[in-house]
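S.K.: Sequence and predicted structure are below.
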Amino acid sequence: MEGFVALYIFMLAAFTGYEVISKVPVILHTPLMSGSNFVHGIVLVGAMVALGHADTKLEMIIGFFAVLLAAGNAAGGYVVTERMLEMFKSSGDKKGDK
């Protein structure tokens with residue numbers, strides 16, 4: 001029965017997340033995602049913990065890909081934030097302009 005409870009929680013979280021995100025105006029998506037970069041770090045730590053507790057070869061492979069994807073997600077969040085902040089700089093403040 002434990003698997004059905006986990007599936008139920010996952011489905012509930014997915015539905016709730018979709019409903020919450022769909023109510024956010026389009027113009028706020030990038031600033032909100034940039035502000036939530038700390039969540040990406042927590043996901044990365046969770047993936048590393050899961051990889052550390054892996055016993056079988058399949059669990060290690062899945063854990064490795066979880067760490068890889070979480071690290072890419074965290075790095076991408078900071079890249080998006082940097083690009084977003086560049087849009088708000090005046091032309092005299094940009095890199096290379098002196």
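M.R.: Good, I have the coordinates. Predicted model, so just to flag it, every value in this text is computed and none were measured.
S.K.: how about the helices in the protein?
M.R.: Remark: helices assigned in the chain by DSSP state H are 2-22, 29-35, 37-52, 57-87.
S.K.: Now mean neighbour count and mean pLDDT too, for these, in JSON lines please.
M.R.: From N, CA and C alone the C-beta is placed, and that goes for glycine too. Output for the helices of the chain, formatted as JSON lines (neighbours: other C-beta atoms under 10 Å; pLDDT from 0 to 100):
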{"stretch": "helix 2-22", "mean neighbour count": "9", "mean pLDDT": "86"}
{"stretch": "helix 29-35", "mean neighbour count": "13", "mean pLDDT": "67"}
{"stretch": "helix 37-52", "mean neighbour count": "15", "mean pLDDT": "86"}
{"stretch": "helix 57-87", "mean neighbour count": "13", "mean pLDDT": "87"}
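S.K.: Would you map out the domains in this structure?
M.R.: 1-25, 36-87 (automatic domain parsing).
S.K.: most centrally placed residue in the protein?
M.R.: Compute the mean C-alpha point of the chain, and by C-alpha atoms, centre = their mean the closest residue is His40, 4.1 Å away.
S.K.: Pull up the gap between that residue and His53, please.
M.R.: Distance, His40 to His53, using C-beta to C-beta, to the nearest Å: 21 Å.
S.K.: swap in Gly41?
M.R.: Counting by C-beta to C-beta - Gly41 and His53 are separated by 19 Å.
S.K.: show me what contacts the residue nearest to Ala71 when sequence neighbours are not counted?
M.R.: Nearest non-adjacent residue to Ala71, counting by C-beta to C-beta, 6 or more residues apart in numbering: Leu44, 5.8 Å away. Contact analysis of Leu44 by C-beta atoms under 8 Å, 6 or more residues apart in numbering lists Val67, Ala70, Ala71, Asn73, Ala74.
S.K.: run the last query once more with 10 Å
M.R.: Residues counted as contacts of Leu44 (C-beta atoms under 10 Å, 6 or more residues apart in numbering) are Ala66, Val67, Leu68, Leu69, Ala70, Ala71, Gly72, Asn73, Ala74, Ala75.
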